[in-house]
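> give me a 3D structure for the following:
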Amino acid sequence: LIAKWRWHVFLALLVPLLLFGFIPGVEQNNFVEAFEKGFGSTLGSIGVVIVLGSIVAEALKHTGAIQTITRTMVGVVGTKRMPLALTLTGFILGIAIFSDVAYVILNPLVHSAAKMMGVTVSVMSIGLVGSLQLTHAIVPPTPGPLAAAALVGADIGKTIIFGSFACLVGSLAGWIWGQYIVGPRISAPPLEKFVGENFLENQNEKSLGVLASYAPIVVPILLISSQSVTRLFLDEGHFLRTGLAYVGWPVVALSIGVWLAYRNITTQQHREEAKEKWVENGLRVSAMILVVTGLGGSLSEILKATPAVESISSFFAAYGLPSILLPFVIGIIGNMITGSTTVGVITAASLVAPMLQTLALSPEAAMLAGASGSVIIKYVNSSYFWVCTTLSGLQPNDALLGYGGVTLVGGLTSFLAVCLMWVFGII
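Numbering: from 1, shown residues only. Predicted coordinates:
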């Protein structure tokens, strides 16, 4: 429906679900109950958090935090290693904001840095393109992985910790792919229309501070992760575990992130405007993700009552296939059909959630495997691919090799890291 007739993903999920209710043998009363239960319980656990995460992303765009974060990465790694600095910047920013938005903001720096170092734009940008997409797909509180974690019942704190490790492995692999393997072979000189807009050289006294820039991202992540860590090491009833159980609840943690972002506004006029604008934009961005997540919850609940769960599990057992391959492959298919990483990771979580027990997969392993697959592969049906290709000035064939290749390399290496953690019983 999506690939051939270009249906919107909302209708492509809803219509088949409704038609499923007409299949002979399906009891409509049970079907309606499962649909409503799956939709409501999923959004009830994660809906507000998705909106809050989108508001934080809006704030980062408008307060100058992105520029400050980039400067700190360049300061740590050095201007002579700009491709690595940009890759690590993408690793941080992808956790909080949509990949295409971050790339648009960083694009002038990509061209200016390429000219300064005497390298092609492909060398400078490929690692960034890959790392932005990886953390956007795998690490909460970005809406896609947040929704997927809710669908499979994964611990969000554990998902952040182990997902960040997998993404770091994938991001470094993508940087190597861009700087040393493919990037130098692609002819893509810096575009003069973007050179000169380098915000690294245009820093002023009013630039946002480092701590203030990182706080809206790092503080919520630390609070959520700390909640999970205290559950592992502290007895129930311990005052720290009790306190962090609430403060580390994603709704509270992300609300603190929104407040920290709001404090970064420098003028009263902008503060008044932000009260409505950030919330409205956050709701607008969240709308599609919320309904798709809800329908994913309905799909999971309905599948629990079908023989599909047992059939798929039996197939994997009969052929001796590792069960962790299933969410990974579904994530790939979902992304390649729709061009959307968010849809890919939510689809993988929705279909695998009813099978976790029979597949002997932990919720965290299933979610991270599906998310790794949802990055593979960005090509011509992806809006992110075209944003990066157009702004960088690469030819489409070169972009397929560079940008499509880095999402393939990053997704595979992140998945390998997830597999290792699964094999050794870490997740």
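> okay, now the unreliable bits of the protein?
Across the chain, residues meeting the criterion (pLDDT under 70) sit at 1-6, 9, 194-206, 267, 269-270, 273, 275, 304-310, 312-314, 316-318.
> in the helix or strand that contains T413, which residues are buried?
Secondary structure assigned from DSSP states H and E places T413 in helix 405-423. Using 16 or more other C-beta atoms under 10 Å as the test for burial, helix 405-423 gives 405-415, 417-419, 421-422. (C-beta placed from N, C-alpha, C; glycine too.)
> what segments of the stretch 151-300 of the chain are strands?
Assigned by DSSP state E, counting those that start in this stretch, the stretch 151-300 of the chain shows no strands.
> burial count for the nearest residue to N264 once chain neighbours are set aside?
Spatial nearest neighbour of N264, chain neighbours left out: T63 (4.2 Å); criterion: C-beta to C-beta, 6 or more residues apart in numbering. Using other C-beta atoms under 10 Å, T63 has 22 neighbouring residues.
> residues contacting T63?
If a contact means C-beta atoms under 8 Å, 6 or more residues apart in numbering, then T63 has 208, 213, 261, 264-265 as its contacts.
> if we go to 10 Å?
Contact analysis of T63 by C-beta atoms under 10 Å, 6 or more residues apart in numbering lists 208, 212-213, 216, 261-266, 270, 274.
> tell me if I'm right that L359 and W422 touch.
No - with contact defined as C-beta atoms under 10 Å, L359 does not reach W422; the gap is 11.5 Å.
> anything in contact with each of the two?
Common neighbours of L359 and W422 are listed as 322-324, 365-366 (criterion: C-beta under 10 Å, 6+ apart).
> just the ones in strands from those residues, please.
The strands, defined by DSSP state E, take in nothing from the shared contacts of L359 and W422.
> name only those of those residues that count as buried.
323-324, 365-366.
> in PyMOL, how would I select the buried members of the contacts of T63?
To isolate the buried subset of the contacts of T63 in PyMOL, counting by 16+ other C-beta under 10 Å, use the following:
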select buried, resi 208+212+213+216+261+262+264+265+274
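> which one of the contacts of T63 is nearest to I427?
Checking the contacts of T63 against I427 with C-beta to C-beta, the nearest one is P216 at 27.3 Å.
> how close does that closest one get to V375?
24 Å (C-beta to C-beta, to the nearest Å).
> do S171 as well
According to C-beta to C-beta, S171 stands 11 Å off from V375.
> more neighbours: the two, which one.
Legend: neighbour count by other C-beta under 10 Å for S171 and V375, higher for V375 (31 against 28).
> the more buried one in helix, strand or coil?
coil (DSSP: H, G, I helix; E, B strand; the rest coil).
> what values do phi and psi take at it?
Main-chain dihedrals, V375, degrees, to the nearest 10: phi -80, psi -30.
> ok, now W249?
Backbone geometry at W249, expressed as degrees, to the nearest 10, gives phi -60, psi 130.
> verify the stated contact: it with T242.
No - assessed by C-beta under 10 Å, W249 is found out of contact with T242, at 11.9 Å.
> who's more crowded, the two?
Per other C-beta under 10 Å, whichever of W249 and T242 has more neighbours is W249, with 16 against 13.
> who are the contact partners of that one?
Residues near W249 by C-beta under 10 Å, 6+ apart: 49, 156, 223-224, 227, 255.
> pretty sure V285 contacts A57?
Yes - V285 lies in contact with A57 (C-beta under 10 Å); the separation is 7.4 Å.
> overlap in contacts of those two?
Common neighbours of V285 and A57 (C-beta under 10 Å, 6+ apart) are 97-98, 101, 143.
> quick check: the farthest pair among these?
V101 and P143 (13.1 Å).
> need the overlap of contacts for these two.
57, 285.
> more neighbours: these two, which one.
Legend: neighbour count by other C-beta under 10 Å for V101 and P143, higher for P143 (27 against 18).
> from the chain's centroid, how far away is the helix holding T413?
Relative to its chain's centre, helix 405-423 lies at 15 Å (C-alpha atoms, centre = their mean, to the nearest Å).
> before we move on, what about stretch 159-175?
12 Å.
> before we move on, back to that, just checking, what packs against the helix holding T413?
On a contact count with 3 or more C-beta pairs under 10 Å, 6 or more residues apart in numbering; DSSP states H and E, helix 405-423 meets helix 121-138, helix 156-176, helix 325-338, helix 363-373.
> ok, 8 Å please
If you count contacts as 3 or more C-beta pairs under 8 Å, 6 or more residues apart in numbering; DSSP states H and E, helix 405-423 packs onto helix 121-138, helix 156-176, helix 363-373.
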